[in-house]
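Visitor: Fold the following and give me the result.
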Amino acid sequence: MASRSVHKLLDLLLDRRVKAVVPKLDHCYGVSYHESLGVAREEFPDLNDALSELEKRGVLKSVKVGTYLACPECGSHRLIPKFFCPVCGSQDVKWVEAIHHIPCGFIAPLEAFSAGGLLKCPKCGKPLKAIGVDYNRYHRVIFCESCKNVSIFPKLVFICFDCGKSASERELDIKPLLRYDVIEERLLRLPFERAVSEKLEEMGVKVEHPRWVIGRSGLVHRFSFSVKKDSTEHLIDVIEENNGVNEDKVLAMFGKLFDSAAKSGILIAVPRATQNAKSLAERLNIKVVEASDLNEILEKLHKLIIEPKETTIDQYTKKG
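Guide: Model prediction:
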């Protein structure tokens, strides 16, 4: 996924203060989110891919709000339904009003029973008396012009407009229709992460943003970004808390670092960390950078990376 598309979507979500991106079913394009964001399809052709990418990054959370049918062969949503006679398979069918004569069991369209303003069974010749007594009336059933049979329901077949595949209802794929809810805390953090990583790259530092690491447990951990200096990779998280980053955030980061077998972890606390958090981070050998703006982060982070201390996550386990 091109980073510029993800950045473009982030800007849209932030500028328009979007809380949720709502789907709309479109016959030509399938599931569309352009209307929800107020952007033209030509302006943002890969919007759906960008939404999926931001969900992977934890900025969006998908919520199932419905389903839609798709071709089992090619996945297309463009399906053309067709009615067939369930008895002989002919397409020469139509909706009719029908009558079932209970005594002789004959069933046919209404017009077959009409006789001079009265209702008379064309099979046995008896006049019809009353609904529910000697006959029933069905207001919308299928009549086949080929075999002359009346059926309660037609045989329904879907033809894919794109690949031509024919499929019954049971053969169609059922796909989820998703709404994307914005995780505001993560959304507000991302532009800050991006700004820091881009500035570091301008300073000649090798940065990966975001950084995904598969831990020893098999879990996939996300870090805001990573910085490589010499042979050491520093895994970094940016956390913003108005009342100060607390111990819970430090413990959460330590868990990720330990499972990732990381050698160096840095927590950027915006604008600050609580005293308990800093004390805990020191015991766990996690470096804490407190800063209130981008320039302060860059200054402290650059100094920390250029002049690294000989502390690692592994040292904590050795102490125990």
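
Visitor: When you work out contacts or count neighbours from here on, use the C-alpha atoms and nothing else.
Guide: Noted.

Visitor: so is Arg41 in a helix, a strand, or just coil?
Guide: Counting by DSSP: H, G, I helix; E, B strand; the rest coil, the backbone at Arg41 sits in coil.

Visitor: where's the nearest residue to it once chain neighbours are set aside relative to Gly58, distance?
Guide: Distances taken as C-alpha to C-alpha, 6 or more residues apart in numbering place His34 nearest to Arg41, at 6.3 Å, with adjacent residues excluded. Remark: distance between His34 and Gly58 (C-alpha to C-alpha, to the nearest Å) = 21 Å.

Visitor: now swap in Phe84 and tell me
Guide: Counting by C-alpha to C-alpha - Phe84 and Gly58 are separated by 47 Å.

Visitor: And His34 and Gly58? Which one has more around it.
Guide: Using other C-alpha atoms under 10 Å as the criterion, His34 and Gly58 rank with His34 on top: 20 against 13.

Visitor: quick one, what contacts the residue nearest to Arg41?
Guide: For His34, the contacting residues are Ala40, Arg41, Leu47, by C-alpha atoms under 8 Å, 6 or more residues apart in numbering.

Visitor: Out of the residues you listed, which comes closest to Cys88?
Guide: Cys88 lies nearest to Arg41 out of the contacts of His34, by C-alpha to C-alpha, at 45.2 Å.

Visitor: Give me the neighbour count for the closest one.
Guide: 14.

Visitor: domain ranges for this structure?
Guide: 3-74+173-182, 86-153, 185-319 (automatic domain parsing).

Visitor: from the chain's centre, how far out does the last one sit?
Guide: Read that as domain 185-319. 29 Å (C-alpha atoms, centre = their mean, to the nearest Å).

Visitor: Over to the first one?
Guide: Between the mean C-alpha location of domain 3-74+173-182 and the chain-wide mean there is a distance of 7 Å, by C-alpha atoms, centre = their mean.

Visitor: what pLDDT does Asn243 get?
Guide: Asn243 is assigned a pLDDT of 87 by the prediction.

Visitor: tell me the SS of it?
Guide: Per three-state DSSP, Asn243 ends up coil.

Visitor: now do the one 10 residues further on
Guide: The local conformation at Met253, judged by three-state DSSP, is helix.

Visitor: quick one: pLDDT of it?
Guide: pLDDT, read off for Met253, is 95.

Visitor: how many neighbours does it have?
Guide: Met253: 23 neighbours (other C-alpha under 10 Å).

Visitor: One more: Leu156?
Guide: Residues near Leu156, counting by other C-alpha under 10 Å: 14.

Visitor: Is it possible to get CSV of the domains of the chain that adds distance to Cys163?
Guide: Conversion of those to CSV gives the following (distance: least, C-alpha to C-alpha, whole Å):
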stretch, distance to Cys163
domain 3-74+173-182, 7
domain 86-153, 21
domain 185-319, 38
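
Visitor: Nearest to Ile159, out of the ones you listed?
Guide: domain 3-74+173-182 (8.4 Å).

Visitor: pLDDT of the closest one, averaged?
Guide: Domain 3-74+173-182 shows a mean pLDDT of 90.

Visitor: and what of stretch 291-308?
Guide: In the prediction, stretch 291-308 has an average pLDDT of 79.

Visitor: Contacts for that stretch, please.
Guide: Taking C-alpha under 8 Å, 6+ apart as the rule, stretch 291-308 contacts 192, 195-196, 199-200, 229, 268-272, 289-290.

Visitor: Any buried residues in that stretch, and which?
Guide: By 16 or more other C-alpha atoms under 10 Å, the buried positions in stretch 291-308 come out as Ala291, Ile297, Leu298, Leu301, Ile305.

Visitor: What of stretch 175-187?
Guide: Leu177, Leu178, Arg179, Tyr180, Asp181, Val182, Leu187.

Visitor: Same list (those residues) but as TSV, adding distance to Asn136.
Guide: Listed next are those as TSV, based on distance: C-alpha to C-alpha, whole Å:
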residue	distance to Asn136
Leu177	41
Leu178	45
Arg179	46
Tyr180	50
Asp181	52
Val182	56
Leu187	63
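
Visitor: Tell me which of the residues you listed fall in strands.
Guide: The strands, defined by DSSP state E, take in Leu177, Leu178, Arg179, Tyr180, Asp181, Val182 from those.
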